[in-house]
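Chemist: Structure for the following, please:
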Amino acid sequence: MPDYSKIDTPDVLSYVFYPRNESGPCPKYAFDHFVPVDDAVAVHCRFYRQDDSWPWILFFHGNGEVISDYDELSLFYFKYRLNIAVADYRGYGKSNGTPTVAAMARDAHKVFEAARAALKEKDLNENIWVMGRSLGSVSAFEIAHGHGPGIRGLIIESGFPSISSLIIRHGIASPDMSLDSITKECLDMLKSITVPLLVIHGEYDTLVPPDEAETIMENTGSPSKELLMIPGATHNDIMFVGLRQYMEAIRRLVDATGA
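Modeler: The predicted structure is shown next:
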């Protein structure tokens, strides 16, 4: 895991994380699960289940989102015969604790293991594809790097190869902050990832510009990878501007990698 401690400073954390403590009741087509990740700290996950035989997308959301935002968005996945499990971060929704980049990266591994155990315990389809949107790409890459044989594929939406490059791009890094080592560690991690990869990005994304997606494609070691650029889409409207393309690409990956 890259050494994120160098960037876990108050200025950077206030830019990277926008925790909301909002949470709604669990819908009837879902179940909640809490994952212990540290002393007295647990991360909330919600499993949206339409059909026990369908494969699962383990989803890590963007920085200003929470699980309950996906209570309705999960229905789009159902239309494509996909169940989806969404994980919060520390301090988000019903999860306690304080979010940091290092903690988020560490927690991803525990969330993945807990998700796999929960599916097995409930006798559900244990095939998992991991997906990270924006900030969630940090967690998704961590899992693909550390648990590659345990997942069927990786999906990165509006993501970036290294959070350090995003901090530099937006002028958040302080002059004395050396980020070259983090960037190198992240790119080295990507090179070790060999699971099938789908990258989805908005053509007009200014928060995480399209060249970040191209860098992911260039550096990830996956022999099978696809870049889907959604025409006219920005960072936060990508799913709706290109809904059919977006969902069909995910379903295509799942079908090609063993649903």
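
Chemist: part of a strand, is H201?
Modeler: Yes - assessed by DSSP: H, G, I helix; E, B strand; the rest coil, H201 belongs to a strand.

Chemist: Next, count neighbours for G146.
Modeler: Other residues near G146 come to 17 when the count uses other CB atoms under 10 Å. All C-beta spots, glycine's among them, are computed from the backbone N, C-alpha and C.

Chemist: Using PDB, list the CA coordinates for whichever strand or helix holds F59.
Modeler: Using DSSP states H and E, F59 sits in strand 56-60. Provided in PDB are the C-alpha atoms of strand 56-60 (Å, rounded to 0.1, in the frame of the first residue of the first chain):
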ATOM      1  CA  TRP A  56     -22.400  -8.600  -7.200                       C
ATOM      2  CA  ILE A  57     -20.800  -5.200  -7.700                       C
ATOM      3  CA  LEU A  58     -18.900  -4.100  -4.600                       C
ATOM      4  CA  PHE A  59     -19.100  -0.300  -5.000                       C
ATOM      5  CA  PHE A  60     -17.000   2.400  -3.300                       C
END
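
Chemist: Relative to that strand, what are the paired strands and their orientations?
Modeler: If you go by DSSP bridges, strand 56-60 pairs up with strand 83-87 (parallel), strand 128-133 (parallel).

Chemist: Dump these to a markdown table, plus mean neighbour count.
Modeler: Below are the strands paired with strand 56-60 laid out as a markdown table (neighbours: other CB atoms under 10 Å):
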| stretch | mean neighbour count |
| --- | --- |
| strand 83-87 | 26 |
| strand 128-133 | 26 |
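
Chemist: okay if I get the ones you listed as TSV plus mean pLDDT and distance to M247?
Modeler: Below are the strands paired with strand 56-60 laid out as TSV (pLDDT from 0 to 100; distance: least, CB to CB, whole Å):
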stretch	mean pLDDT	distance to M247
strand 83-87	98	11
strand 128-133	98	12
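
Chemist: For the top helix by length along the chain, enumerate the helices and strands it packs against.
Modeler: Ordering each helix of the chain by length in residues (DSSP state H) puts helix 101-121 first. Packing contacts for helix 101-121, counted by 3 or more CB pairs under 8 Å, 6 or more residues apart in numbering; DSSP states H and E, involve helix 10-16, strand 30-38, strand 41-48, strand 56-60, strand 83-87, strand 128-133, helix 136-146.

Chemist: mean pLDDT for these: which is lowest?
Modeler: Mean pLDDT per stretch puts helix 10-16 lowest among the helices and strands packed on helix 101-121, at a mean of 89.

Chemist: and that helix, which residues are buried?
Modeler: Using 16 or more other CB atoms under 10 Å as the test for burial, helix 10-16 gives V12, V16.

Chemist: contacts for it?
Modeler: With contact meaning CB atoms under 8 Å, 6 or more residues apart in numbering, helix 10-16 is reached by N63, P99, T100, V101, L135, I163, I167, H170, I172, A173, S174.

Chemist: close enough to count as contact, the second one and A105?
Modeler: This points to P99. No - look at P99 against A105 with CB atoms under 8 Å: they stay out of range, at 11.1 Å.

Chemist: so what secondary structure elements neighbour the helix or strand following the strand holding F59?
Modeler: Downstream of strand 56-60, the next assigned helix or strand under DSSP H and E is helix 70-79. On a contact count with 3+ CB pairs under 8 Å, 6+ apart, helix 70-79 meets strand 41-48, strand 83-87, helix 243-256.
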